[in-house]
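>>> Have a look; sequence and predicted model below, questions after that.
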Amino acid sequence: MVLPQRVTAEESFQLVPPVLATAVAVYRRVRVAERAQLALMGQQSLDEEWTEGVRATVLLARQRIVETEQARAQLRDRVRDFVVALRDAGESASAVVRHTRSVIRVLESNGAVEPDDDQLGTELLVWATEAYEAL
């Protein structure tokens, strides 16, 4: 079944809605930055008096954590929108899971999701399932 989409002369059908692909890319980018900053923070001696450099490292890690939480919430909203569109089109729960897995595979083939990033793929499937059940 083809999902209903508004198509203009400049647009064409895409299995992955652009807003969802963008949200995945943003989430992935901020997660990488968060992990890098947390690794830097982990190299600091936090049990001693904090220098300005240590304080700056910790505050930046806090900022990266907040950015990641915001990007995760936005991505979850886009997944919910995707599921709502499928549900409104009359798709069953199993069909929504299949579509979501297809989206994950497309995102992997486009490089937006690493094939070995099981955490992100699992999150997307869990959020899709939760969104479907909440409707």
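Good, I have the coordinates. Numbering: from 1, shown residues only.
>>> rest of the way, CA atoms for contacts and neighbours
OK.
>>> what about Leu46, how many neighbours?
13 (other Cα atoms under 10 Å).
>>> Ignore what I typed, I meant Val126.
Under the criterion other Cα under 10 Å, the count of neighbours that Val126 has is 16.
>>> How about the contacts made by it?
By Cα atoms under 8 Å, 6 or more residues apart in numbering, Val126 lies in contact with nothing.
>>> confidence score at it?
pLDDT recorded at Val126 is 96.
>>> Nearest spatial neighbour of Arg31, chain-adjacent residues omitted?
Thr68 (5.8 Å; Cα to Cα, 6 or more residues apart in numbering).
>>> hang on, the one you found packs against Val32?
No - between Thr68 and Val32 there is no contact under Cα atoms under 8 Å: 9.3 Å.
>>> Of these two, give the one with the bigger neighbour count.
For Thr68 versus Val32, neighbours defined as other Cα under 10 Å are more numerous around Thr68 (22 against 13).
>>> follow-up on the earlier one: report the secondary structure element holding the residue nearest to Arg31.
For Thr68, the host element (DSSP states H and E) is helix 52-88.
>>> what angle sits between the host helix or strand of Met41 and helix 52-88?
For Met41, the element it lies in under DSSP H and E is helix 18-42. Orientation check (axes from the mean of the first three to the mean of the last three Cα atoms, to 10 degrees): helix 18-42 against helix 52-88 gives 150 degrees.
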